[in-house]
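In: got a predicted structure plus its sequence, pasted below:
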2 protein chains.
Amino acid sequence: MVTIKDIASRLGIAPSTVSKGLNDANDISPDLKKLVLDTAIEMGYVTKKMKKETRKRLCVFIENMLYEKPDDFGFDILLGFRQAAIRDNWEVHIVPMTPVLQMKEPYDRYMVRNKYHGGFLVGFALKDPWMKQLENTTIPTVLFDNYIKRNPNVAYIGTDSFEGIDLAIDHLYELGHTHIALLNGSKDSMVTANRYDAYISSMQNHNLDIDEDLIAYGYYVEESAKYHLKDLLEHGATAIICGNDLLAIGALKECKKLHIRVPENLSIIGYDNLPAAALFKPGITTISQDRLDLGKNSYAALYWLIDKVPISRSLLRPTLILRETTGPAPFLKSNKILPKEKELIN
Amino acid sequence: MVTIKDIASRLGIAPSTVSKGLNDANDISPDLKKLVLDTAIEMGYVTKKMKKETRKRLCVFIENMLYEKPDDFGFDILLGFRQAAIRDNWEVHIVPMTPVLQMKEPYDRYMVRNKYHGGFLVGFALKDPWMKQLENTTIPTVLFDNYIKRNPNVAYIGTDSFEGIDLAIDHLYELGHTHIALLNGSKDSMVTANRYDAYISSMQNHNLDIDEDLIAYGYYVEESAKYHLKDLLEHGATAIICGNDLLAIGALKECKKLHIRVPENLSIIGYDNLPAAALFKPGITTISQDRLDLGKNSYAALYWLIDKVPISRSLLRPTLILRETTGPAPFLKSNKILPKEKELIN
């Protein structure tokens, strides 16, 4: 079990200072208090105050996403949420969710019955039964990567797709690429649609021609890449921006099979900066979403929704992490396989 | 001078409870504490704690906008910001700004010299000297209605133009309007561009034809409307969505001159819900931005920027306030002045 001493030695401060931070004493600076609380939550420390039954509760529902191990996409999102919520002494429950469970009880009734003041929904799909109900919910609710029209009780939280795609296109443009493809995720997702819009707008801002043949929709899984890679190459792509890191990994594996060298013949950019993007050989250049910050920002939005401030959307800035899969555009030679060349191959 | 008793009687609670709220006592509920602080700030009460020299400071810079009287556009924005900031015991300075003052000292140096931890800029124009500097500032900064690319220290705060324009078009569409004009504000503003995009996308979603002749750009002042009204009517507009309430007032005055009845012959919608929109005869249907909430949300974004969470944009939901300037589309008759009719008039 984690003790106050453990936290103190991790932070290199006196146990009495940790104790002050945990007990909201007045003679400790707000910044240090935050650091103590952040660390306590991260290490799994539980204070007496946290055990009190009278604490107000928030609930995080998570679906279609791993979150139990530090490498899982959802792990840091939940950690950031809990770190921010503890500053206001909220009790946070984490509840794995499924469509079947959602059909058993309407969202609002579930929340009221369990005395939750607000909900944070992560990984939900548009077809989930509760999603439709969110159009009219009276419960303050934050949605990760999904948007509900009109309802002032629901906020959308995510990372700015426009800036993310623009960072990627900027980087490729500076490397001399003009035939930049977008291997997007599944069509029924709001994020997919945003990234398409972002791609069009950024290509136009860079004065690059838009070729619809360089835009493909797959699914957000590795296997999806192989169905599109060849086609994108045949249409002249010298760089591909993928909807997530899994698609980028799939594309890289397919390149290996087809003896296409990355980045010499083709540059590839992923999205999300999953731990796998750094570990893969070659390391994958990717658009990073800081998931700890996403969690904190989700709590922030929920705090203000509970206070009746009708936040519609609150987006974070992405960053571009440069690794080994992007390089100068192939010099004086397009990847396009000309009809004659094709004959030679066949 | 405002006393604790005054606050107590305004809220209908005991002075001792007010005192607890002001002094951050533990035996008062967080909600009541917030209410006490909100009211104290609104009434201009100053506690001993607030006078302490050691408090951390934020600065609000305001330009091109009135804010001293409750009816002024900026008043509630500043009030909401201060109400939210006091919860974390920040000292807030309000500084009127001009381009000349900005040229005297760079933004970052001004902030560091005055020991400000963060800034909130309201009413700044793109051409302001400090705006360019914000691209590289290291000071946590929130901008109202303006967006700075890439810099993780700067967040954009505003109201969701897409939802605002969509609410207006929805309302007009249900009243039978198909020839809906947009009398937008000045072209060099980000908000103007957003509202144009929002107009195009909402018209398309309603399956309404887009006629570029029904889109005009003026300035965000009353006088601007008269230069466009006739032209929009000649191109068949039965409804006009205006970029702000001042343009709507200008349009209404021009209608009176031209003997065009509102809403019988023409529906008009404003933007912002200024006090003047309610007081004008007829009362102006308008898209409302809650300015108190804008202020609170601006502080919220600044709080998290100071904590290194790179908020890019955080937008509030607008609401549509129905008054007297919108009605059913003119039945079986377009406003279009046909060439023959024109001859009759001349």
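Out: Yes, it's here.
In: all contacts plus neighbour counts: C-alpha atoms, from now on.
Out: Fine.
In: next one: A:Glu68 from A:Asn26, what distance?
Out: Distance, A:Glu68 to A:Asn26, by Cα to Cα, to the nearest Å: 35 Å.
In: pLDDT of stretch A:42-61, averaged?
Out: In this model, stretch A:42-61 carries a mean pLDDT of 80.
In: tell me how far the ends of that stretch are from each other?
Out: Using Cα to Cα, the end-to-end distance of stretch A:42-61 comes to 19 Å.
In: ok, now stretch A:92-110?
Out: One end of stretch A:92-110 sits 15 Å from the other (Cα to Cα).
In: contact partners of it?
Out: For stretch A:92-110, the external contacting residues (Cα atoms under 8 Å, 6 or more residues apart in numbering or on different chains) are A:57-63, A:82, A:85, A:128-130, A:133-134, A:137-139.
In: give me the buried positions along stretch A:314-326.
Out: By 16 or more other Cα atoms under 10 Å in any protein chain shown, the buried positions in stretch A:314-326 come out as A:314-321, A:324-326.
In: repeat that for stretch A:224-240.
Out: A:224-226, A:228-230, A:232-240.
In: end to end on it, go ahead and measure it.
Out: Terminal-residue distance, stretch A:224-240 (Cα to Cα): 14 Å.
In: let me see the mean pLDDT of that stretch.
Out: Per-residue scores along stretch A:224-240 average to 95.
In: if I look at A:Asp27, how far off is A:Ile210?
Out: To A:Ile210, A:Asp27 is 60 Å away according to Cα to Cα.
In: so these two - more neighbours on which side?
Out: More neighbours surround A:Ile210 than the other of A:Asp27 and A:Ile210, with 17 against 10 (other Cα atoms under 10 Å in any protein chain shown).
In: tell me who's in contact with the more buried one.
Out: A:200, A:203-204.
In: among the buried residues of stretch A:224-240, name the ones in helices.
Out: If you go by DSSP state H, those have A:226, A:228-230, A:232-234 in helices.
In: ranges for the strands of the stretch 201-346 of chain A?
Out: Assignment of strands within the stretch 201-346 of chain A using DSSP state E, counting those that start in this stretch yields the ranges A:215-217, A:239-242, A:267-272, A:285-288, A:311-316, A:319-321.
In: around chain B, which positions in the stretch 201-346 of chain A sit nearby?
Out: Residues of the stretch 201-346 of chain A lying close to chain B by Cα under 8 Å from any Cα of the partner chain are A:293, A:296-297, A:300, A:304, A:309-317.
In: which among the residues you listed count as buried?
Out: Among these, those classed as buried by 16+ other Cα under 10 Å are A:293, A:296-297, A:300, A:304, A:309-317.
In: ok, so of those, who is nearest A:Tyr45?
Out: Distance to A:Tyr45 across these (Cα to Cα) is lowest for A:Lys296, with 18.7 Å.
In: residue contacts, the closest one?
Out: Counting by Cα under 8 Å, 6+ apart, A:Lys296 touches A:77, A:80-85, B:309.
In: let's see it at 7 Å
Out: Residues counted as contacts of A:Lys296 (Cα atoms under 7 Å, 6 or more residues apart in numbering or on different chains) are A:80-81, A:84.
In: what does A:Tyr116 give?
Out: Taking Cα under 7 Å, 6+ apart as the criterion, A:Tyr116 is in contact with A:57-59.
In: kind regards, and thank you for your time.
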